[in-house]
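A.B. asks: Could you look at this predicted model? Sequence included:
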Amino acid sequence: MATILSLQHLKKYFESQKAVDDISLSIEEGQIFGLLGPNGAGKTTLIRMITGIFYPDQGDIIFRGKKFDPVNDVGQIGYMPEERGLYKKMKVGEQALYLAQLKGLSHREAKEKIGVWFERFGMESWWNKKVEDLSKGMGQKLQFVTTVLHDPRLIILDEPFSGLDPVNSNLIKDEIYRLAANGATIIFSTHRMEQVEEICHHIALVNRGKKILDGTVSGVKEQFKENLFLVETEGPAALSAIERPFTVVEQTNSKLYIQLAEGQSRNQALRFLLDQQIGIVSFKEILPSLNDIFIKLVEGTPVSRSFETKKDLL
Amino acid sequence: MNKTWIIIKREYLTRVQKKTFILATLLLPVLYVGLIFGMGFIAENSRETLSIAVIDSSGYFSASVLEKQNRLDSSSILTLVNNKSQAQLNEKEGGYEGYLIIPALDWKSGLDSLPLHTYKSYGSATTAAVEAKINRIWSEVVNDSLQIDLGKQLILTQSRIGIKAKNVIDEKSDSDTAEGIGYVAGLLMYFILLVYGSQVMMGVMEEKTNRIAEVIVSSVRPFQMMLGKIIGIGAVALTQFLLWIAFILVAYNVAKEAGTQMGAAEMVGNMQRLFTKVDVPLILFCFGFYFLAGFFFYASLYGAVGSAVNEDIREAQSLSFPITMLVILSIAMMTASIANPSGPIAVWGSLLPFSSPIVMMARIPYGVPGTVPWWQLLASMAILVLSFIAMVWLAGKIYRTGILMYGKKITWGEMLKWIVRKN
C-alpha cells in the first residue's frame, strides 16, 4: 500500500520547550494509526503541523508523495481537534454548509453530502435547529459529520470519544472502521489505551517531543512480552518442589500464572506440567496491554512537563 | 481569497439577519428624533408660572403697569400688594408663590440684586420669566426718563455691526455650518469605531470560547479568518449607515412634498441652505474613506485583543482599555480642532493615523483647500492607509498565536513579543 503521509525529522521548538524534537513517521493509506502520548508530549503540536496550522521549524512533511502544501492540501484533510466546538447561534444545516465550503466544496456539493450524512446519522430533522439547542452527544455527532463531510483522504481525530456516551461512541467507532475500509487514513490521537488497542493497526508513542515507539499493535506487544502464561487446571495444581522450568507468578484455585525462564520453550513448560499429572484445561500466553507498555515507557519522566505545556501550549 | 469571501458572507449575513440589527437600524433614528423633541418638550413644560406679590416703595411699579405687563406676557403674574406687610407675606398670606420688595429706586442706577423671596426653590427658567418682566417695566421707566420715543428705541435695539468670518481661499466655508457638520461627522466616526470595533473583538472572543477557532484554522489561514471577520462586520456597519442615509433622504423628500406645512418647510429650507454652504460630495466621499480606513485600523487592534483574551469579559475590557483611550483622546483633539481648525492640534490630529478619522472628519466641513490644504488631506489619507495595512498585518501575527491559546492571561507586552517572534 502507498504511503499517504511521511514526516521527516520534524522539529518545532517553542520558547520554553522543544515541543516536537526530531520526529519521523510514516503512515500507510487506509490505516488506522494511533498517536499516543501523555498530556503535553507534543501530540497536538505534531498534529497542528500536519494540518497546516503550524509550520515546522525544520523537517519535511510529504503528503501523498508531494511536499505538503498547507493552503491546497487542507481540503483533503479532516481534523477534529481536542478543543472543538461550533457556532452556538448558528443553525445546524448552515453550520455544516459553512464548514464544508471552507474545505473547498461548492454549495451544491456540500448540500448533497450533508444530506447523505444526516440521513446516515438520523439527523435530517435537525437542519433548522440551533446548535445551542442540541444535546452534548448530538453536538459531537454534528462535529464528527463536519469533520468527514468533504471526503478527506486523511482524517485526524484528537480524543474523538471524550464526552460521548457508549451508544454514540460505538456509532462513531463503526464510522471510523467504515471510512478506513473505504480507503481513508485515520490518525487517532489519544491517551486512552484501551480504545487504541481495539481500533488501531499501527501506533506511535510520543513522549517529551520524541517518538519512543512505533509499530503494529501486535508487533509492539510481541516486543514487550514478558513470557507470561496463564494455565487453567482441573482443580488446584499441586506442584512438587523439584526444579521447574518456570517461575510461578501467582496461583489461585484453578489458575496458574507462570513466567518462562530465559531459553525455555512453551512445550518444555507444558511437558513439565503434564509430567506432574496436572489436568490442563487451557494454556494461553498473556501479552502486555498497551497501557502497561505505555506506563512502563513513560514512567519516570518528569511530570512537570505536562504542567509546563498546559500553561504555554505554543 | 475565495475562502475569505465565504467568511465575509457568514459574518455579514448572520449579523444583518439578526432581529437586533433590524431593530437597532429602525429604532435608532426614531429614538434620536424622539430624544430631540422630547428634550424640547420637557424643557418647555418644566417652566412654572409664578404668581408673585410686589410691595413697591419706588412708585414705578403701579398696579396698572403690572396689569398691562401681565396681559402682554403670562409666563409670570405680578400683583401689587402694598397693603400687606412682609411678615404677612412670610406667612404665605394671599396664596402667592413668592414676593418682591422693591425699595426706593434711582432710575439712573437700577439695582444690582433684588431678592425674589419664594417658599420653594425654582429653576432658572422660571425665575428668568419674572426677571424679564421686571426689566421690561424698568426699560420703559428709563426710556421715559431719557425721553426716548418708540422710534428711537427701535434704532437702539436694532442698529449694530455683526462680524462674520469669510475664508478668502474657500468661498464655501461657513464656520457655523461647518462646526455643526464637523461635530456630527466626528461623533459619528467615534460611534462607528467604538461600537463596531468592539463587535469585532466580541466576535473573535466568541470563536475562542466556542472552541471553533482551531476547527476553522485547519481549513483557512488565521489571517483570512481575521480579515473575513473585519470586512464582514465593516460591511454591516456600512449597510446600517446607508440605510440611515436612505431614511434621511426619504424624510427629506417627504418633507419637501408636504413643504407647505409649517415646520417642514423650514426644515427643507435649512437643508437646502446647508447643501449650498458646504461641499456635500467631498464630505460624503471623505466620510466613506475615513470610515473604512479608520474602521480597519481599529478593528484589527480590537481583533488582536479579542484573540488574546480568554472567556473573561473583564480581561477583554482591561486589555482593550488603551485602544478605547486612543478613541477618546481623538475626541478631545476633535473638540480642540473645531475651536481652531487650522491650529497645531488640528493639523497633527488629522495626520496621526489613530486620530485622523475623527479629527479630519471634523475639519473637512470647514473647507478644502481653505482650511485643510490638499497636501494635508492627501498625506492624512496616505498615512492612514499605510497604517491600517501595517496594523492588519501586525494584528494577524497576534491573532495567529492568540486564537489557539487557552488558559493563560496575556499582557500587551506578550502580544508585542508575538509580533517580533520569527515565523
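C.D. replies: It's in. This structure is a prediction, so every number in the text was calculated from the model and none was measured.

A.B. asks: Mind jotting down where the helices sit in the stretch 51-200 of chain A?
C.D. replies: Along the stretch 51-200 of chain A, the stretches classed as helices by DSSP state H, counting those that start in this stretch are A:70-73, A:92-102, A:107-120, A:136-148, A:166-181, A:193-199.

A.B. asks: Please convert those to a markdown table, extending it with distance to chain B.
C.D. replies: Glycine gets a C-beta too; all of them are placed from N, C-alpha and C. Below are these laid out as a markdown table (distance: least, C-beta to the nearest C-beta, whole Å):
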| stretch | distance to chain B |
| --- | --- |
| helix A:70-73 | 7 |
| helix A:92-102 | 4 |
| helix A:107-120 | 10 |
| helix A:136-148 | 8 |
| helix A:166-181 | 17 |
| helix A:193-199 | 22 |
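
A.B. asks: Can you spell out the domain ranges of the chain, please?
C.D. replies: Since no chain was named, I'll use chain A. Domains of chain A are assigned by automatic domain parsing as A:3-222, A:226-286.

A.B. asks: oops, I was thinking of chain B
C.D. replies: With domains defined by automatic domain parsing, chain B comprises B:2-33+B:169-420, B:50-151.

A.B. asks: For the residue of the stretch 51-200 of chain B found nearest chain A, grab the count of nearby residues.
C.D. replies: Proximity of the stretch 51-200 of chain B to chain A (C-beta to the nearest C-beta) peaks at B:Gln199, 14.2 Å away. For B:Gln199, the count of nearby residues is 20 (other C-beta atoms under 10 Å in any protein chain shown).

A.B. asks: rewinding a little: deepest of the domains of chain A, which one?
C.D. replies: Mean neighbours per residue, mean count of other C-beta atoms under 10 Å in any protein chain shown, is largest over these for domain A:3-222, with a mean of 18.

A.B. asks: before we move on, back to that, may I see the helices of the stretch 51-200 of chain A arranged in TSV, with mean pLDDT and distance to A:Ile61 as well?
C.D. replies: Shown next, in TSV, are these (pLDDT from 0 to 100; distance: least, C-beta to C-beta, whole Å):
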stretch	mean pLDDT	distance to A:Ile61
helix A:70-73	85	9
helix A:92-102	92	21
helix A:107-120	92	27
helix A:136-148	89	20
helix A:166-181	90	21
helix A:193-199	84	23
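
A.B. asks: Make TSV from those helices and add distance to A:Ile50 to it.
C.D. replies: TSV is the format used below for these (distance: least, C-beta to C-beta, whole Å):
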stretch	distance to A:Ile50
helix A:70-73	10
helix A:92-102	18
helix A:107-120	23
helix A:136-148	14
helix A:166-181	17
helix A:193-199	18
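
A.B. asks: of all the ones you listed, which lies closest to B:Met415?
C.D. replies: helix A:70-73 (24.2 Å; C-beta to C-beta).

A.B. asks: still on that earlier bit, out of the domains of chain B, which gets nearest to A:Glu285?
C.D. replies: domain B:2-33+B:169-420 (42.4 Å).

A.B. asks: picking up where we left off before, helix/strand/coil for the residue of the stretch 51-200 of chain B closest to chain A?
C.D. replies: helix (DSSP: H, G, I helix; E, B strand; the rest coil).

A.B. asks: Over to the one 5 residues further on?
C.D. replies: Following three-state DSSP, we place B:Val204 in the helix state.

A.B. asks: What sits closest to the residue of the stretch 51-200 of chain B closest to chain A if chain neighbours are left out?
C.D. replies: The shortest distance from B:Gln199 to any non-neighbouring residue, by C-beta to C-beta, 6 or more residues apart in numbering or on different chains, is to B:Ile233 (5.4 Å).

A.B. asks: Report the separation between the residue of chain A found nearest chain B and B:Ile137.
C.D. replies: In chain A, the residue found nearest to chain B is A:Gly85; the distance is 3.2 Å by C-beta to the nearest C-beta. Using C-beta to C-beta, to the nearest Å, one obtains 78 Å as the distance from A:Gly85 to B:Ile137.

A.B. asks: Ok, B:Met205 next?
C.D. replies: 67 Å.

A.B. asks: ok, the two, which is more surrounded?
C.D. replies: A count of neighbours by other C-beta under 10 Å puts B:Met205 above the other of B:Met205 and B:Ile137, at 22 against 17.

A.B. asks: and the domains of chain A as JSON lines, adding distance to B:Lys9?
C.D. replies: Shown next, in JSON lines, are the domains of chain A (distance: least, C-beta to C-beta, whole Å):
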{"stretch": "domain A:3-222", "distance to B:Lys9": "9"}
{"stretch": "domain A:226-286", "distance to B:Lys9": "59"}
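
A.B. asks: Can you flag the weakest of these by average pLDDT?
C.D. replies: Mean pLDDT values for these show the minimum at domain A:226-286, a mean of 82.

A.B. asks: Would you list the phi and psi of B:Gly98?
C.D. replies: Here the main-chain torsion angles of B:Gly98 (degrees, to the nearest 10) amount to phi -180, psi -180.

A.B. asks: What is the neighbour count of the closest residue to it other than its chain neighbours?
C.D. replies: Of all residues not flanking B:Gly98 in the chain, B:Thr118 sits nearest, at 3.6 Å (C-beta to C-beta, 6+ apart). If you count neighbours by other C-beta under 10 Å, B:Thr118 ends up with 16.

A.B. asks: Just the pLDDT for B:Thr118.
C.D. replies: 86.

A.B. asks: Please name the residues that touch it.
C.D. replies: Residues counted as contacts of B:Thr118 (C-beta atoms under 8 Å, 6 or more residues apart in numbering or on different chains) are B:Leu50, B:Glu97, B:Gly98.

A.B. asks: B:Ser74 now?
C.D. replies: B:Ser74 touches B:Thr49, counting by C-beta under 8 Å, 6+ apart.

A.B. asks: Return the distance of it relative to B:Arg47.
C.D. replies: Counting by C-beta to C-beta - B:Ser74 and B:Arg47 are separated by 12 Å.

A.B. asks: Need the overlap of contacts for these two.
C.D. replies: Shared contacts of B:Ser74 and B:Arg47 (C-beta under 8 Å, 6+ apart): none.

A.B. asks: mind putting the contacts of B:Thr118 in TSV, distance to A:Glu243 and pLDDT included?
C.D. replies: Formatted as TSV, those follow (distance: C-beta to C-beta, whole Å; pLDDT from 0 to 100):
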residue	distance to A:Glu243	pLDDT
B:Leu50	125	83
B:Glu97	124	85
B:Gly98	126	87
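
A.B. asks: With distance to A:Ile47 as added columns, please give those residues in a markdown table.
C.D. replies: Below are these laid out as a markdown table (distance: C-beta to C-beta, whole Å):
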| residue | distance to A:Ile47 |
| --- | --- |
| B:Leu50 | 81 |
| B:Glu97 | 82 |
| B:Gly98 | 84 |
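
A.B. asks: Serialize these to a markdown table and add fields for neighbour count.
C.D. replies: Shown next, in a markdown table, are those (neighbours: other C-beta atoms under 10 Å in any protein chain shown):
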| residue | neighbour count |
| --- | --- |
| B:Leu50 | 20 |
| B:Glu97 | 21 |
| B:Gly98 | 20 |
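
A.B. asks: any idea which of those is closest to B:Gly269?
C.D. replies: Nearest to B:Gly269 among the contacts of B:Thr118, counting by C-beta to C-beta, is B:Leu50 at 37.0 Å.

A.B. asks: Alright, I will stop here.
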